[in-house]
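Chemist: Sharing a model prediction with you, sequence too.
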Amino acid sequence: MTTIKYPDGPFSGRPLLALLAVMALMLAAANLRGGLVVVGPLVQEIRDALQISSSGFSMLTTLPLICFGGMSICVPWLTRRCAPQFLAISGLLVISIGAGLRVTESYALVIAGTLLLGLAIALLNVLIPGLVKAFFPRKMGMMTGLYSVTLSLGAGLGVYLAVPLMNHFGSWRYPMVLWALFPLVSLLFWLPMLKAKGVGRPQNPVKVSLWRDGLAWSITFYMGLQSFFFYSMATWLPKMLIDTGLDAGQAGNATAMINLVSIPFNLFVPILAARMGSQRPLAVAIFLLSVIGLGGLWWDAAATPWLWASLIGAGGGGALSLALSFFVLRASNTAQATALSAMAQSIGYLLAAVGPFLLGMLKDLSGTWQLALLLLMMMQLIQFGCGWHAARAINVVPDQDKAGSALQKLKSPNR
């Protein structure tokens, strides 16, 4: 493996502030999924309270994904005008307001809260990879791994605490309130980050555009296709397993393996990626895990469903962590990392929103899940190709740098 040297971060020699920065990043990550997924286990109670249909309830889960795609592309523009720490604090405040509106009895206010929640989470989704690079340039792998793990744990807590809190307090609103208050606690760790040197608004902000960079597009499609894979599996795997004869409990337990098994891969893939010159061995391993899991479902889903789900969780968790690692490893500075994150997540989450719908349509047309699984395996092959290209030890080149390089060649006396 090749060990890459990085400059000192803003907290070098300041261990207390560095610890606060770690806590700030992790708490922000914990807020990025819990407030969204908490509605899943409370679906019947929320529908009854708001008197809405299934399609009306589906807006609470699909609208945030649309917000992710639309808002992500605007974040680099915001970072050229405001310090990223200030934007992170603002995002947490908006998450709190949005989650608070979702406990009201007005469906219009609930939709407004969902819109705010999706926009604020999209902002933090894009900001955090750049802040990881800015805060801890020598610990990018470890910090990306911890961020990825905390993201998964936040989602898990949102699901697993929902029903117990509702039963304990006697109302579905109490688990929702938890995710309105938690961002306010996180702010206590973010306020000291405003003092971090060298991480504020740049003195001469330059627009970073990567839309004509082939490497950036490879990373973008790798991010998008892994999101397509994850949201498709999270939506339809329980139904796939029930259709093979498993009961709801068995299908739910097998599906839970996806999140459980992904946690160690969330942690260790970024650490390994940061120590490698090329991440191609990781791309190969992730591809094989995912394809074998999908192949097992296609061959005989009921044989060992927990094994197929575990392989899918390992491949999916590793792919997410590798995609997040690409944001910081393929960028030369914080501005490039933010621009790359914005580009990849804006398109990535739009692809993710298409996945569950497309798989459901194939099931309706064919009557079985075989075509849907075949499509996912083909998508994995394309994802692997993108990952193979993105894993090379080179950085993205912004459009303005390419233009400058071309102009320099034209002026060269050797031409």
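Modeler: Happy to help now that I have it.

Chemist: Report the backbone C-alpha coordinates of the helix or strand where residue 143 lies in CSV.
Modeler: Residue 143 belongs to helix 140-160 when assigned by DSSP states H and E. Only the C-alpha atoms of helix 140-160 are listed here, as CSV (Å, rounded to 0.1, in the frame of the first residue of the first chain):
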residue,chain,number,x,y,z
MET,A,140,-9.6,11.5,6.1
GLY,A,141,-10.1,7.7,5.9
MET,A,142,-10.8,7.2,9.6
MET,A,143,-13.2,10.2,9.7
THR,A,144,-15.0,9.2,6.6
GLY,A,145,-15.4,5.7,8.1
LEU,A,146,-16.8,7.1,11.4
TYR,A,147,-19.1,9.5,9.4
SER,A,148,-20.4,6.6,7.4
VAL,A,149,-21.0,4.4,10.4
THR,A,150,-22.7,7.2,12.3
LEU,A,151,-25.0,7.8,9.3
SER,A,152,-26.1,4.1,9.4
LEU,A,153,-26.5,4.1,13.2
GLY,A,154,-28.6,7.3,13.0
ALA,A,155,-30.9,5.6,10.4
GLY,A,156,-31.0,2.4,12.6
LEU,A,157,-32.0,4.4,15.7
GLY,A,158,-34.7,6.2,13.8
VAL,A,159,-36.3,2.9,12.9
TYR,A,160,-35.7,0.9,16.1
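
Chemist: buried residues in the lengthiest helix in the chain?
Modeler: Longest helix in the chain by number of residues (criterion: DSSP state H): helix 334-366. Neighbour-count burial for helix 334-366, counted by 16 or more other C-beta atoms under 10 Å, picks out 334-353, 355-356, 358-359, 362-363. To be clear about C-beta, it is placed using only N, CA and C from the backbone, and glycine gets the same treatment.

Chemist: And the next helix or strand past it?
Modeler: Where DSSP H and E defines the elements, the next helix or strand beyond helix 334-366 is helix 370-390.

Chemist: Give me the residues contacting that next one.
Modeler: By C-beta atoms under 8 Å, 6 or more residues apart in numbering, the residues outside helix 370-390 that reach it are 214-215, 218-219, 221-222, 225-226, 228-229, 232-233, 236, 279-280, 283-284, 286-287, 290-291, 294-295, 297-298, 319, 322, 326, 330, 358-359, 362-363, 365-366.

Chemist: Now that we have those, which of them are buried?
Modeler: The buried subset of the contacts of helix 370-390 - by 16+ other C-beta under 10 Å - is 215, 218-219, 221-222, 225-226, 228-229, 232-233, 236, 279-280, 283, 286-287, 290-291, 294, 297-298, 319, 322, 326, 330, 358-359, 362-363.

Chemist: show me where pLDDT drops low in the stretch 151-300 of the chain?
Modeler: Residue ranges of the stretch 151-300 of the chain with pLDDT under 70: 197-206, 248.

Chemist: quick revisit: figure out how far the longest helix of the chain is from the centre of its chain.
Modeler: Between the centre of helix 334-366 and the centre of its chain there are 11 Å (C-alpha atoms, centre = their mean, to the nearest Å).

Chemist: next one: stretch 77-90
Modeler: On the basis of C-alpha atoms, centre = their mean, stretch 77-90 sits 19 Å off its chain's mean C-alpha point.

Chemist: Over to it now: how far is its first residue from its last?
Modeler: The first and final residues of stretch 77-90 sit 15 Å from each other (C-alpha to C-alpha, to the nearest Å).

Chemist: List the buried residues for that stretch?
Modeler: Of the residues in stretch 77-90, 78-80, 83-89 count as buried by neighbour count, 16+ other C-beta under 10 Å.
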